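1. No sequence on hand, only this structure:
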């Protein structure tokens, strides 16, 4: 087994060497720009780690792993158009730097580019890899649609929220592991089992994101905190707070959610204090622990090298306890 | 060989039976809506015809042929967002009926759905089919980007225009034929040759579209004529007119292109008369004849049944001499 950084280096070496045609510039430049902004590259690293832990050849899994990362970045590019987001990884989003049309079309091209890389999987497992990848892609679109639908609703339940983040975030981590396992020639039961480990890790990972957006240290988190609160985003915290708040707490929460003429800092401080008082921060930490335990427990039942298992345990802890 | 209508029936039978999940409704309903609007289904019919003419099993080519049609409709869906088009096939476009975000995301899902159908090609040729399909998709995005770039330029040449419509329209007809030929197990030279026939047919087909938009009979064409003129769209006709017009003609053309306070009917009549006077209608008819001859000539060098060749000849004439 290699270290996380060594897998990352291999992934970045391939990503940095992707050849983009020069023209038409407004089609290809935004793709090169998006991929140059970096990111944690968690998904391709997971694919490499899984393949390695299961005795596969990591050079064989590199192309489809890069395909999964291209796909992930395509979803961010189009999500940023839909969410009217101005900044991604500290830089202007594609639709801000160019325009909506450029973002739509270069995103489409990025999805096809992702497919081209995914289809470089070894011939022996290519049909299965494609199948997993395409099914996962559909689930991710479903997750994004639910997320947008939730914005227009005030009765979203915690179960619905967990279902949404499973689709929008977790299944692609599961897909990355499945790709790694398939390339390694793993048994079907192990392909499913490592995917479930990754999905549970992904749920804990996303809940950590919700927590960091409120209580993270902006200096290490890399972006301002309080964004979800200011946008009334229906996170695990807000949905639970809406369910728990009674009497004056309910009135105060409603005030913060509906009053437009309030100073942003006041709103962030007020809602954060309410979250603490209602105990939803603890609820989130408990849920993170729950899904982390499920992931670690499931990991014990996957056939892989002991080195591989240890690497996975360390990676899971790193992902769910991250501060950025 | 079957008749065009019989191939079409087979294609429509599969398209009409595509199962769409119920939820999230705003993700899947727009896809079902788009596919329910019909269309000429030229591309999947071409795939079936090619496969049949080359001795293949048309049931095997049906799934990837439907994938090509799904892809074509995905491009129209996203193009309509980018072009702010309100109407498609006499009905509101998806972004008008729902909203931009729904059009973007359901389009993405439609592209992945297309990939799922394309990847149902027989195992023996799946990698080649995927490769042709993905390369073609990239070319089509390039074509759309050039088309958008041309809107911001006043020095587009006829060669650039022909290159753009080759990418935006023709290569997908070529792809459909390649898919049919690959499923039939044709030799590489024949796969390329039938593709070239389709590409040349596609160029004549698109030039016919430019002509019909000016001189078509609205009753049979199915939509109002003059749309390209009103939008100053850089068609084969306008680009040639800009090159040919001298003196008073150039002044008049410039007037129609820049004067905003002119009655639409006047502008359409004025530009149409200029086109006639400058001889660009005849130029377009000559170009249509040229590419049709190239297609028919190329067809003679493709190995296929004589029945198949006759069916192709008839189909090519039908496409380039169409009135709607």
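-> In hand now; what should we look at? Keep in mind the model is a prediction, meaning the values are calculated, not measured. Numbers count the residues shown, from 1 in each chain, chains lettered A, B, ... in the order given.
2. for the helix or strand containing residue A:308, packing partners?
-> Using DSSP states H and E, residue A:308 falls within helix A:306-320. Applying 3 or more C-beta pairs under 8 Å, 6 or more residues apart in numbering or on different chains; DSSP states H and E, we find helix A:306-320 packed against helix A:4-16, helix A:42-53, helix A:188-215, helix A:280-299. Quick note: C-beta positions are derived from backbone N, CA and C, even for glycine.
3. Name the residues of that helix that are buried.
-> Within helix A:306-320, the residues that count as buried by 16 or more other C-beta atoms under 10 Å in any protein chain shown are A:308-309, A:311-312, A:315-316, A:319-320.
4. got the angle for that helix vs helix A:42-53?
-> Comparing the axes of helix A:306-320 and helix A:42-53 via axes from the mean of the first three to the mean of the last three C-alpha atoms, to 10 degrees yields an angle of 160 degrees.
5. ok, and what's touching helix A:306-320?
-> A:1, A:4, A:42, A:46, A:49, A:52-54, A:197, A:201, A:204-205, A:208, A:288, A:291-292, A:295-296, A:299-300, A:302, A:304 (C-beta atoms under 8 Å, 6 or more residues apart in numbering or on different chains).
6. Please work out which of the helices and strands packed on helix A:306-320 is packed deepest.
-> Burial of the helices and strands packed on helix A:306-320 is given as mean neighbour count (mean count of other C-beta atoms under 10 Å in any protein chain shown); helix A:42-53 ranks first at a mean of 27.
7. how long is stretch A:209-222 from one end to the other?
-> In stretch A:209-222, first residue to last residue: 12 Å (C-alpha to C-alpha, to the nearest Å).
8. residues in contact with it?
-> A:90, A:224-229, A:235-237, A:272, A:275, A:281, A:284-285, A:288, A:322-324.
9. let's go with 7 Å and repeat that
-> A:224-229, A:235-237, A:272, A:275, A:281, A:284, A:323-324 (C-beta atoms under 7 Å, 6 or more residues apart in numbering or on different chains).
10. And for stretch A:111-126?
-> Applying C-beta under 7 Å, 6+ apart, the contact partners of stretch A:111-126 are A:31, A:60, A:63-64, A:66-67, A:70-71, A:74, A:129-130, A:133, A:182-183, B:108, B:111, B:115, B:127, B:130, B:134, B:137-138.
11. Where does pLDDT dip in the stretch 201-324 of chain A?
-> Along the stretch 201-324 of chain A, the model assigns pLDDT under 70 to no residue.
12. at 80 instead, please
-> Applying pLDDT under 80 to the stretch 201-324 of chain A flags residues A:220-224, A:323-324.
13. Of all residues in it, which one is closest to chain B?
-> Nearest residue of the stretch 201-324 of chain A to chain B (C-beta to the nearest C-beta) works out as residue A:234 at 15.2 Å.
14. How is that residue classified with respect to secondary structure?
-> Here residue A:234 is recorded as coil under DSSP: H, G, I helix; E, B strand; the rest coil.
15. State the distance from it to residue B:124.
-> 49 Å (C-beta to C-beta, to the nearest Å).
16. how about the residues of the stretch 101-250 of chain A that lie near chain B?
-> Proximity of the stretch 101-250 of chain A to chain B is confined to A:101, A:104-105, A:108-109, A:111-112, A:115-116, A:119, A:123, A:126-127, A:130, A:134, A:137-138, A:141-142, A:144-146, A:148-149 under the rule C-beta under 7 Å from any C-beta of the partner chain.
17. and the helices and strands packed on helix A:306-320 as a markdown table, adding distance to residue B:213?
-> Listed next are the helices and strands packed on helix A:306-320 as a markdown table, based on distance: least, C-beta to C-beta, whole Å:
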| stretch | distance to residue B:213 |
| --- | --- |
| helix A:4-16 | 44 |
| helix A:42-53 | 46 |
| helix A:188-215 | 50 |
| helix A:280-299 | 57 |
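18. So which of these is nearest residue B:175?
-> The closest of those to residue B:175 is helix A:4-16. By C-beta to C-beta, the value is 27.5 Å.
19. which strands and helices sit next to the next helix or strand after that closest one?
-> For helix A:4-16, the following helix or strand on the C-terminal side (DSSP H and E) is helix A:25-36. Helices and strands in packing contact with helix A:25-36 are listed as helix A:58-82, helix A:94-97, helix A:100-118, helix B:126-151; criterion 3 or more C-beta pairs under 7 Å, 6 or more residues apart in numbering or on different chains; DSSP states H and E.
20. Same list, the ones you listed, but as a markdown table with mean neighbour count and distance to residue A:191 please.
-> Output for the helices and strands packed on helix A:25-36, formatted as a markdown table (neighbours: other C-beta atoms under 10 Å in any protein chain shown; distance: least, C-beta to C-beta, whole Å):
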| stretch | mean neighbour count | distance to residue A:191 |
| --- | --- | --- |
| helix A:58-82 | 23 | 13 |
| helix A:94-97 | 20 | 34 |
| helix A:100-118 | 23 | 16 |
| helix B:126-151 | 21 | 20 |
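21. now those helices as CSV including mean pLDDT and distance to residue A:253?
-> As requested, the helices and strands packed on helix A:25-36 are exported to CSV (pLDDT from 0 to 100; distance: least, C-beta to C-beta, whole Å):
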stretch, mean pLDDT, distance to residue A:253
helix A:58-82, 98, 27
helix A:94-97, 98, 32
helix A:100-118, 98, 34
helix B:126-151, 97, 46
